[in-house]
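Enquirer: Got a predicted structure here, sequence first:
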Amino acid sequence: MRTYLVGGAVRDKLLGRPVTDHDHVVVGASPQDMLALGYKPVGKDFPVFLHPQTSEEYALARTERKTGHGYHGFAIHADPSVTLEQDLVRRDLTINAIAQDEEGRLVDPYGGERDIEQRLLRHVSPAFIEDPVRLLRVARFAARFAPLGFTVANETMALLQQMVRDGEVDHLVPERVWAETRKALSEAQPSAFLRVLRESGALAVVFPEIDALYGVPQRAEFHPEIDTGIHLEMVLDAAARLAPGNDLVGFCALTHDLGKALTPQDELPRHVGHEHRGVEPLRALAARIKVPTEYAELAELVCREHLNAHRAFELKAATVLKLLTALDALRRPERLQIFLTACLADKRGRLGHEQDDYPQADWLRLARDAAESITSTPFVSQGLTGPAIGAAMEKARVQAINELR
């Protein structure tokens, strides 16, 4: 029985990154051996155990055989005869197929250490093509490691493109699409996620609403980058800089401009009304990949209202209050913060505008505080009841916002 540290822990050590999860593979052991040593079983699809002291995961070495389409279309085989090399070859990328033994020696049969040095995301074996989730994972790893100079190896990109042509990507289940997308949106450079999906052809299959933005022109005086798809990439990366690891801000950024793909050709490069046109495709996207309600709701507000945030100084006080009410910002100020961060990302996601100030955000926060300061107490003291109290409070809040100007 031999135990090895595997996967991300080994990779991140070699990259000098913080190691958060420690996964292990056990060679030469049976489930009964693990139970006898006090390990607790947790695996449903294959034998995984928790260490009795550290609670870290220990999986028995296993092989996989393709039996059908999609993520679950595999037969798992785990017994003491499975070697470490057989276990590692079923992994997705060479950088994730490095093991370290208990003496600290690396076992690297597929060149992962070399690919780390060369900054390449490369598949381990042709079996990579059997699991469509791996396409999303490669795109997600691109989003994580692009700042370090990683790119997808040419032969791996060719496999991704083949997976799309063969229709394997059509079998992705919504929950896995959302899980991988959510992780990608919390990475340092989410634009790389879109670029890998687009180059492989998967973006048009998985996110047709986003793919449709590429090639759509915008007015150069507002968007020097012109292409709406490039603007979206820049907004995603701006959001990642403003709110590192915040996938809610990331999802709002991802979907804020979907309406621009629906602008009539004779109106281009202007996009009057795109904030309203974007609501329907956003709802379709969110429903298709089962986005959580909180994410879908806030993204829709960003889509519909981001132009109002940009022109906050021009809005009537009543319109400002209506915006704050739609966000439920008086009771939940954190929603206003998410909204404003996404709007700032939109402002900075433009060529040459990456460091622009956004005084609208501070002003809308002041407006929110002014509106919140109005309570029902004085109106109740005046003898008002029922709807009259709400009407009086709304009038006072509008006045309080007006006094900020």
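Expert: The structure has been received and is ready for your questions.
Enquirer: CA atoms only: put stretch 94-113 into PDB for me.
Expert: What follows is stretch 94-113, C-alpha atoms only, in PDB (Å, rounded to 0.1, in the frame of the first residue of the first chain):
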ATOM      1  CA  THR A  94      -0.700  17.000 -17.500                       C
ATOM      2  CA  ILE A  95      -0.200  19.700 -14.900                       C
ATOM      3  CA  ASN A  96      -2.900  17.900 -12.800                       C
ATOM      4  CA  ALA A  97      -1.400  14.400 -13.400                       C
ATOM      5  CA  ILE A  98       1.700  14.700 -11.200                       C
ATOM      6  CA  ALA A  99       2.000  12.800  -7.900                       C
ATOM      7  CA  GLN A 100       4.300  13.100  -4.900                       C
ATOM      8  CA  ASP A 101       5.300  10.200  -2.800                       C
ATOM      9  CA  GLU A 102       5.600  10.200   1.000                       C
ATOM     10  CA  GLU A 103       9.300  11.000   0.700                       C
ATOM     11  CA  GLY A 104       8.600  14.100  -1.400                       C
ATOM     12  CA  ARG A 105       9.700  12.600  -4.800                       C
ATOM     13  CA  LEU A 106       7.700  13.500  -7.800                       C
ATOM     14  CA  VAL A 107       6.100  10.900 -10.100                       C
ATOM     15  CA  ASP A 108       5.400  12.600 -13.400                       C
ATOM     16  CA  PRO A 109       4.900  10.100 -16.200                       C
ATOM     17  CA  TYR A 110       3.100  12.500 -18.600                       C
ATOM     18  CA  GLY A 111       5.300  15.600 -18.500                       C
ATOM     19  CA  GLY A 112       3.300  17.800 -16.200                       C
ATOM     20  CA  GLU A 113       6.400  19.500 -14.700                       C
END
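Enquirer: show me where pLDDT drops low in the stretch 301-405 of the chain?
Expert: Residue ranges of the stretch 301-405 of the chain with pLDDT under 70: none are present.
Enquirer: how about the strands in the protein?
Expert: Using DSSP state E, the strands of the chain run over 2-6, 23-27, 40-41, 48-50, 57-60, 63-66, 74-77, 99-100, 106-107, 120-121, 151-152.
Enquirer: so for the fourth one, what's the average pLDDT?
Expert: Translated: strand 48-50. For strand 48-50, mean pLDDT rounds to 92.
Enquirer: Quick check: mean pLDDT of stretch 224-244?
Expert: 98.
Enquirer: before we move on, back to that, the strands of the chain: lowest mean pLDDT?
Expert: Mean pLDDT is lowest for strand 74-77 among these, at a mean of 62.
Enquirer: For Pro67, give me the pLDDT.
Expert: Slight slip there: residue 67 is Thr, not Pro. On pLDDT, Thr67 comes in at 51.
Enquirer: just use 21 as the starting number from now, easier for me
Expert: All right, first residue 21 from here; so that's Thr87.
Enquirer: packing partners for the longest helix along the chain?
Expert: For the chain, the helix with the greatest residue count under DSSP state H is helix 313-330. Helix 313-330 sits against helix 267-275, helix 294-297, helix 299-308, helix 337-346, helix 353-368, helix 379-392, with contacts defined as 3 or more Cβ pairs under 8 Å, 6 or more residues apart in numbering; DSSP states H and E. C-beta: built from backbone N, CA, C; applies to glycine.
Enquirer: closest to His97 out of the ones you listed?
Expert: With Cβ to Cβ, the closest approach to His97 among those belongs to helix 299-308: 34.4 Å.
Enquirer: And for the closest one, what's in contact with it?
Expert: Here helix 299-308 makes contact (Cβ atoms under 8 Å, 6 or more residues apart in numbering) with 194, 227, 229-230, 275, 278-279, 281-282, 311, 315-316, 319-320, 323-324.
Enquirer: now swap in stretch 371-381 and tell me
Expert: Outside stretch 371-381, the residues that touch it by Cβ under 8 Å, 6+ apart are 243-245, 254, 258, 329-333, 360, 363-364, 367-368, 370.
Enquirer: Flag every buried residue along it.
Expert: The neighbour-count check on stretch 371-381 (16 or more other Cβ atoms under 10 Å) flags 378, 380-381 as buried.
Enquirer: Show me how far it is from its chain's centre.
Expert: Its chain's C-alpha centre lies 23 Å from the corresponding centre of stretch 371-381 when counted by Cα atoms, centre = their mean, to the nearest Å.
Enquirer: need the contact list for the closest residue to Ala224 other than its chain neighbours.
Expert: Leaving aside its sequence neighbours, Ala224 sits nearest to Asp231 (Cβ to Cβ, 6 or more residues apart in numbering; 4.3 Å). Contact analysis of Asp231 by Cβ under 8 Å, 6+ apart lists 218, 223-224.
Enquirer: distance of His296 from Asp376?
Expert: The gap separating His296 from Asp376 is 25 Å, by Cβ to Cβ, to the nearest Å.
Enquirer: ranking the strands of the chain by burial, who's on top?
Expert: Mean neighbour count (mean count of other Cβ atoms under 10 Å) peaks for strand 140-141 among the strands of the chain, with a mean of 24.
Enquirer: Walk me through which strands that one pairs with, and which way each runs.
Expert: In the sheet, strand 140-141 lines up against strand 171-172 (parallel) (DSSP bridges).
Enquirer: distance between the partner strand and the chain's centre?
Expert: Its chain's average C-alpha position is 19 Å from that of strand 171-172, according to Cα atoms, centre = their mean.
Enquirer: got the angle between the longest helix of the chain and helix 337-346?
Expert: On the basis of axes from the mean of the first three to the mean of the last three Cα atoms, to 10 degrees, helix 313-330 is oriented at 160 degrees to helix 337-346.
Enquirer: Contacts for helix 313-330 next, please.
Expert: 268, 271-279, 295-296, 298-299, 302-303, 306, 311, 335, 339, 343, 346-347, 355, 358-360, 362-363, 366-367, 380-381, 384.
Enquirer: Buried only: go through these for me.
Expert: Among those, those classed as buried by 16+ other Cβ under 10 Å are 268, 271-279, 295, 298-299, 302-303, 306, 311, 335, 343, 347, 355, 358-360, 362-363, 366-367, 380-381, 384.
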